[in-house]
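S.K.: Model the following, please.
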Amino acid sequence: MTNTILSEGADTLITSHFRQGQLPWQVEKAISIAPEGEMRDMLLLSLLTNYAYALPAMRMYHGFPHHVYGPELMTMVLAPAASGKGIMNYAKQLLQGIENEYGEFIFLPANTSSAALMSYLQMLKGRGIMMATEIDTLSKALGSSTGGFSDVLRCMFEHETISKLRKNHEEFIEITDPHFAVLISGTYNQLKPLIKSRENGLMSRFACYVVKQTQDFDDRVWLDAEEDTVPQDIALYEQLGHELSLRYGWMRKAKHSCYFYLTDAQRKTITRMFRAMYDIYRKSFGNEFDSILKRMPVIMKRIGMILTGLRMDMSQPLPERMVCSEDDFETMLLIGHKLLMHSAMMFQMLPENKDAAPGEIGHTLIQRQFFDMLPADFTKQDTVKQAEVLGIAKSTMEDWLKKYSQSSHIEHIAHGKYRKFDFKIVS
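M.R.: This is a model prediction of the structure:
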């Protein structure tokens, strides 16, 4: 059976599905500056990543035994060159009010060493945002002799204590309960140097978004200077940043946390969704996709927590608990569903598990599509045509054909002629 999770034309857009008034007003206004489609999606994910910093009192319980999480996200966007990734920088402007009002140092460069990162985290009491518009910057830092802080990023996702002993200075640094966000973007070929294989657990901690290769030409490049809307955009973001600064101060003054909860009905709905999703994605991508499936609920609930925090009435004392509204629950379900699709796209860009059993058919979606779309009896020319349709290199197709023959999934019945056997793909 052909799997259609990521079939050609699959709808992977996020913001185009929102109803007017579904999002908190701050978010709705902020994303309005971007054209509809993938640029607006990129801006939304960037905004959510930065909004979390301004909601320091928000918390939630998740898992068994219960673990306490904050709203911080780790977000990664892959897109072709000149595809509008620069729109993500608008999100940074939202926090300028907090930086100016409270004199806080929020943003850390990705081009840093492990020692420098630990020093900054200690100085900032474990809070901040790492931003990089080129993934290569982070890849080089993680791979350098003075970098090596991939373990730190993993700990940040779970708010686990980070400890480092600096031998040269005989200095012990320990950061408890770190709340740190990451926002990075880059091109497709920058992914593998950062995440070298599907077994790398770092990818499952990211909210992933992949911009498609084919994009329409943006006619706005022809606008004259007087028609440019950037000044209005800046004014809007200054206004939104001021509101966010007030919200940050309101939460910072509170002497307690505000815990985010789902209703019983919402928990049942999200449980049903993930049971269905787990079966679908696991059959398509195998065990290696498990970590992504298991961490996506945390990412989704963090998004729900951010949306809830933005809606709270600042004229009232900070409550000790808030239940997710139906609008925000619908939003986090939609975003989670779409992020799984994008994670699957990114997952397929990574090298497969080299330890697969001999003769086992690879369980990537593209291989399944290639095999399923072949007729029961086919010729070598049929495989060439099918490879062209799916954008598979001829040498890759020939390699797959050879493996399928060796594993008895197809029979080579004559020169250039083959027959498929009834089989079950290992997943």
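
S.K.: could you give the mean pLDDT of the strand of greatest length in the chain?
M.R.: Counting residues, the longest strand found in the chain (DSSP state E) is strand 179-186. Mean pLDDT, computed over strand 179-186, is 93.

S.K.: next one: stretch 162-171
M.R.: 67.

S.K.: Quote the end-to-end distance of that stretch.
M.R.: Terminal residues of stretch 162-171 lie 14 Å apart, using CA to CA, to the nearest Å.

S.K.: circling back to that earlier point, each with direction, which strands does the longest strand of the chain pair with?
M.R.: Paired neighbours of strand 179-186 in the sheet (DSSP bridges): strand 74-78 (parallel), strand 127-132 (parallel).

S.K.: chain center to the last one: distance?
M.R.: Per CA atoms, centre = their mean, to the nearest Å, the displacement of strand 127-132 from the mean C-alpha position of its chain is 15 Å.

S.K.: after it comes which helix or strand?
M.R.: helix 135-143 (DSSP states H and E).

S.K.: in that next one, what counts as buried?
M.R.: Residues I135, D136, T137, L138, S139, A141, L142 are the ones in helix 135-143 that count as buried (16 or more other CB atoms under 10 Å). From N, CA and C alone the C-beta is placed, and that goes for glycine too.

S.K.: of these, closest to Q96?
M.R.: T137 (22.0 Å; CB to CB).

S.K.: and the closest one, how far is that from L194?
M.R.: 10 Å (CB to CB, to the nearest Å).

S.K.: which residues do the two both contact?
M.R.: Common neighbours of T137 and L194, using CB atoms under 8 Å, 6 or more residues apart in numbering, do not exist here.

S.K.: need the contact list for N100.
M.R.: So N100 contacts nothing (CB under 8 Å, 6+ apart).

S.K.: could you give me the average pLDDT of the host helix or strand of it?
M.R.: Per DSSP H and E, N100 falls inside helix 96-102. In this model, helix 96-102 has an average pLDDT of 93.

S.K.: May I see the buried residues of that helix?
M.R.: Here helix 96-102 shows Q96, G97, I98 as buried, counting by 16+ other CB under 10 Å.

S.K.: swap in stretch 334-353?
M.R.: 334-348, 350, 352.

S.K.: again with stretch 78-97
M.R.: 78-79, 83-85, 87-88, 90-97.

S.K.: Check which element follows the least confident helix or strand in the chain by mean pLDDT along the chain.
M.R.: Ranked by mean pLDDT, DSSP states H and E, the weakest helix or strand in the chain is helix 365-372, scoring a mean of 69. With elements assigned by DSSP H and E, the helix or strand that comes after helix 365-372 is strand 377-379.

S.K.: where's that next one relative to the chain centroid, distance-wise?
M.R.: That offset, for strand 377-379, works out to 40 Å (CA atoms, centre = their mean).

S.K.: OK, contacts around T308?
M.R.: Residues in contact with T308 (CB under 8 Å, 6+ apart) are M58, F260, M322, C324, S325, D328.

S.K.: Between its first and last residues, how far does stretch 141-154 reach?
M.R.: 15 Å.

S.K.: Nearest residue to the residue positioned nearest the centre of the chain in space, please, no chain neighbours.
M.R.: Residue closest to the mean C-alpha point of the chain, counted by CA atoms, centre = their mean, is A207 at 1.6 Å. Nearest residue to A207, sequence neighbours excluded (CB to CB, 6 or more residues apart in numbering): T75, at 4.7 Å.

S.K.: What separation is there between that neighbour and I306?
M.R.: Counting by CB to CB, the gap from T75 to I306 is 12 Å.

S.K.: Touching both of the two, which residues are there?
M.R.: Residues touching both T75 and I306 (CB under 8 Å, 6+ apart): L48.

S.K.: how about stretch 243-250: buried residues?
M.R.: Here stretch 243-250 shows E243, L244, S245, R247, Y248, W250 as buried, counting by 16+ other CB under 10 Å.

S.K.: same deal with stretch 293-308?
M.R.: Buried residues in stretch 293-308 (16+ other CB under 10 Å): 293, 295-308.

S.K.: For the stretch 1-150 of the chain, just list every one of the strands.
M.R.: 58-62, 67-69, 74-78, 107-109, 127-132 (DSSP state E, counting those that start in this stretch).

S.K.: among the ones you listed, which is nearest N50?
M.R.: Proximity to N50 (CB to CB) singles out strand 127-132 among the strands of the stretch 1-150 of the chain, at 6.5 Å.

S.K.: tell me the angle of that closest one relative to helix 135-143?
M.R.: 120 degrees (axes from the mean of the first three to the mean of the last three CA atoms, to 10 degrees).

S.K.: contact partners of strand 127-132?
M.R.: So strand 127-132 is contacted by 49-50, 53, 56, 92, 95, 105-111, 120-121, 138, 178-186 (CB under 8 Å, 6+ apart).

S.K.: how does it look with 7 Å?
M.R.: Residues outside strand 127-132 that contact it (CB atoms under 7 Å, 6 or more residues apart in numbering): 50, 53, 92, 106-108, 110, 120, 138, 179-184.

S.K.: closest to C155 among these?
M.R.: Looking across those and measuring by CB to CB, the closest to C155 is F180, at 9.2 Å.

S.K.: Was I right to think that closest one contacts M156?
M.R.: Yes. With contact defined as CB atoms under 7 Å, F180 counts as touching M156 (4.4 Å).

S.K.: Who has more neighbours out of the two?
M.R.: Legend: neighbour count by other CB atoms under 10 Å for F180 and M156, higher for F180 (27 against 24).

S.K.: That one and H159, how far apart?
M.R.: Taking CB to CB, one finds F180 at 9 Å from H159.

S.K.: do the same with K394
M.R.: 49 Å.

S.K.: Comparing these two, which residue is more hemmed in?
M.R.: Taking neighbours as other CB under 10 Å, K394 and H159 compare with H159 leading, 19 against 11.

S.K.: Disregarding residues adjacent in the polypeptide, which is nearest to that one?
M.R.: D177 (5.3 Å).

S.K.: How about T133?
M.R.: S185 (5.6 Å).

S.K.: list the contacts for the one you found?
M.R.: V77, A79, K85, M88, T133, I135.

S.K.: switch to 8 Å and redo it
M.R.: M42, M76, V77, L78, A79, K85, M88, A132, T133, E134, I135.

S.K.: Near the first one, how many other residues are there?
M.R.: Spelled out, it's M42. 28.

S.K.: oh, and call the first residue 2 from now on, that's how I've got it
M.R.: New numbering, starting at 2: the last item is M43.

S.K.: surely it meets A208?
M.R.: No. Assessed by CB atoms under 8 Å, M43 is found out of contact with A208, at 11.5 Å.

S.K.: hey, where'd the strands end up in the stretch 302-428 of the chain?
M.R.: Going by DSSP E, counting those that start in this stretch, the stretch 302-428 of the chain shows strands at 322-324, 378-380, 411-415, 418-421.
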